[in-house]
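**Student:** let me see the structure of the following:
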Amino acid sequence: MLDTMQPFVDEGCLLTKLELYVDEELGGQCVGVCLAFSEEDLFVYAECLDDSICVSEDFPDALSGEAIRRALAPAGWISAIGRPILWAWTMTNTQGRLDGLQIEFGTIDHPSITLQIVVRASTLVLRML
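**Tutor:** Predicted coordinates:
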């Protein structure tokens, strides 16, 4: 997963847009996030088979169901737009599966913003640290 993100971190790519994908059949819970950069998008979603977190440059089939719609990102997350990606790191659960991702955006002259995405029961929990 970090191999997919590494070029974005190495180049300090600016985040240009954030979109969420929510599943109406799950009460509007988040099942995917699109992190848009000037040249490419990264999609973050849950692998339903083992509740691990996935990152892809290609639009995943997991986000193409009829009950899935796009939604606005949480208000706090919007403040990451226009900032370069500084770091990305993963979190592993007690079963040894990757189930979380943290991404830090910022510049030297402004406080950084850390976005956290954690898989819980095949949905994504979003936090800002």
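
**Student:** rounded mean pLDDT for the longest helix along the chain, please.
**Tutor:** In terms of residue count, the longest helix belonging to the chain (DSSP state H) is helix 2-10. Average pLDDT, helix 2-10: 92.

**Student:** now residue 118: how far from residue 11?
**Tutor:** 26 Å (C-beta to C-beta, to the nearest Å). Any C-beta I mention is one placed from the backbone N, CA and C, and that applies to glycine too.

**Student:** with residue 55 instead?
**Tutor:** From residue 55 over to residue 11 (counting by C-beta to C-beta), the distance is 16 Å.

**Student:** these two: which is more packed in?
**Tutor:** residue 55 (23 against 13; other C-beta atoms under 10 Å).

**Student:** in CSV, list the C-alpha atoms belonging to stretch 104-123.
**Tutor:** The C-alpha trace of stretch 104-123 is given here as CSV (Å, rounded to 0.1, in the frame of the first residue of the first chain):
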residue,chain,number,x,y,z
GLU,A,104,0.1,14.1,7.0
PHE,A,105,-0.3,17.3,4.8
GLY,A,106,1.5,20.6,5.5
THR,A,107,4.1,23.1,4.9
ILE,A,108,7.0,24.4,7.0
ASP,A,109,5.2,27.7,7.7
HIS,A,110,1.8,26.2,8.6
PRO,A,111,0.8,23.5,11.1
SER,A,112,0.3,20.1,9.5
ILE,A,113,-3.0,18.3,9.2
THR,A,114,-3.1,14.6,9.7
LEU,A,115,-6.0,12.6,8.3
GLN,A,116,-6.6,9.1,9.6
ILE,A,117,-8.7,6.4,7.9
VAL,A,118,-9.4,3.2,9.8
VAL,A,119,-11.5,0.2,8.6
ARG,A,120,-14.3,-0.9,10.9
ALA,A,121,-16.7,-3.6,9.8
SER,A,122,-15.9,-3.0,6.1
THR,A,123,-16.6,0.7,6.4
